[in-house]
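Participant: Dropping the sequence and predicted coords here.
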Amino acid sequence: MQIAPRSGGPVPDVASLLARLAADGGRPRLTWYGDDGERVELSGAVLANWVSKTVNLLVEEFDAAPGTRVVVDLPVHWRTAVWALAAWRAGATVVLPDAGAAHPDVVVTDTPDRWADDGADLVVVSLPALARRYDGELPSGAIDAASAVMTYGDAIGWVPEVEPDQEALVTATGGVRHKGLVPEPGDGARVLVDGRGAVAELLRDLLGVWAGSGSVVLTSPATAVELEQDEARLTRLLSTEQAQRTRG
């Protein structure tokens, strides 16, 4: 079924965007194609639910708030979007590793060995969709996201007020404030997003698509390469997902 474009005007912030997603029922908003044929589809309501649980973890475990610097050291992945959205909803600053993340407060990573001696609070993320725990040895004091996130409430509890002039996203090329984080809305289409782009560009792309009531089919970098080399497979995917190849 083709997803009809919907419009609701500009979206001023991530809280407003999440409210729209939560109210969107079962319509798919993010479909992930990972390595080894993994496919994960999240409706607006399910995506917002994942974010709500993650917000509660960040606020209750780490007192995440404006001024908190959260390093998101994850590859292009649907879970990366969830953690970024959650940090922003708490008013925190998402710092990408290429920004030279010095003295972070919280590090969210799938490769904990890189951060074990950093001194920051550590959250270890398992990327496979069916993972229920981290398949490896956790550094002392680290939180296993796969098991911890699901224990938090489906509705966001107390959360600090976002400060619009605080930095929301910091990368090697600069920063974006909360008040300018959500781009101009897209046209409501369902689009294929090539996973070979930079994480910062990906996150802003997703925000713009969702702000326009659109939907995303996101591929891992490896899957994007495979699709580029197999035109028939790409055509089938676009047809099956009723998506447009407008990105990447």
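Facilitator: Everything's here; your move.

Participant: OK, contacts around the spatially most central residue of the chain?
Facilitator: The residue lying closest to the centre of the chain (CA atoms, centre = their mean) is Ala81, at 0.4 Å. Shown in contact with Ala81 (CB atoms under 8 Å, 6 or more residues apart in numbering): 30, 202-203, 206. From N, CA and C alone the C-beta is placed, and that goes for glycine too.

Participant: Cross-reference these with the helices and report the matches.
Facilitator: Using DSSP state H, the members of these that fall in helices are 202-203, 206.

Participant: Just the buried residues of those residues.
Facilitator: Buried by 16 or more other CB atoms under 10 Å: 202-203, 206, out of these.

Participant: next helix or strand past the lengthiest helix in the chain?
Facilitator: If you go by DSSP H, the chain has its longest helix at helix 44-62. Tracing the chain past helix 44-62, the next element assigned as helix or strand by DSSP states H and E is strand 69-73.

Participant: Tell me the strands beside that following strand, with direction?
Facilitator: strand 93-95 (parallel), strand 106-109 (parallel) (DSSP bridges).

Participant: ok, residues contacting the shortest one?
Facilitator: This points to strand 93-95. Counting by CB under 8 Å, 6+ apart, 67-72, 84, 87-88, 101, 104, 166-170, 203 sit against strand 93-95.

Participant: With stretch 228-241 instead?
Facilitator: Residues contacting stretch 228-241 (CB under 8 Å, 6+ apart): 31, 33, 190, 192, 217, 226-227, 243-245.

Participant: Which two of those have the greatest separation?
Facilitator: Spatially, the most separated pair among the contacts of stretch 228-241 is Arg190 and Glu226, at 20.5 Å (CB to CB).

Participant: who's more crowded, those two?
Facilitator: Set Arg190 next to Glu226 and count neighbours by other CB atoms under 10 Å: Arg190 wins out with 23 against 15.

Participant: who touches that one in this structure?
Facilitator: 2-3, 28, 214-217, 241-244.

Participant: Kindly write the PyMOL command that selects the buried subset of these.
Facilitator: Here is the PyMOL command that picks out the buried ones among these, judged by 16+ other CB under 10 Å:
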select buried, resi 3+28+214+215+216+217+241+243
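
Participant: Between the contacts of Arg190, which sits nearest Val176?
Facilitator: Val216 (19.5 Å).

Participant: quick one, phi/psi of the closest one?
Facilitator: Phi and psi for Val216, reported as degrees, to the nearest 10, are phi -120, psi 140.

Participant: Look up which residues are beta-bridged to it.
Facilitator: Assessed by DSSP bridges, Val216 has beta-bridge partners Leu30, Val191.

Participant: residue contacts, it?
Facilitator: With contact set as CB under 8 Å, 6+ apart, Val216 has these partners: 29-31, 190-191, 193, 205-206, 209-210.

Participant: No further queries at this time; thank you.
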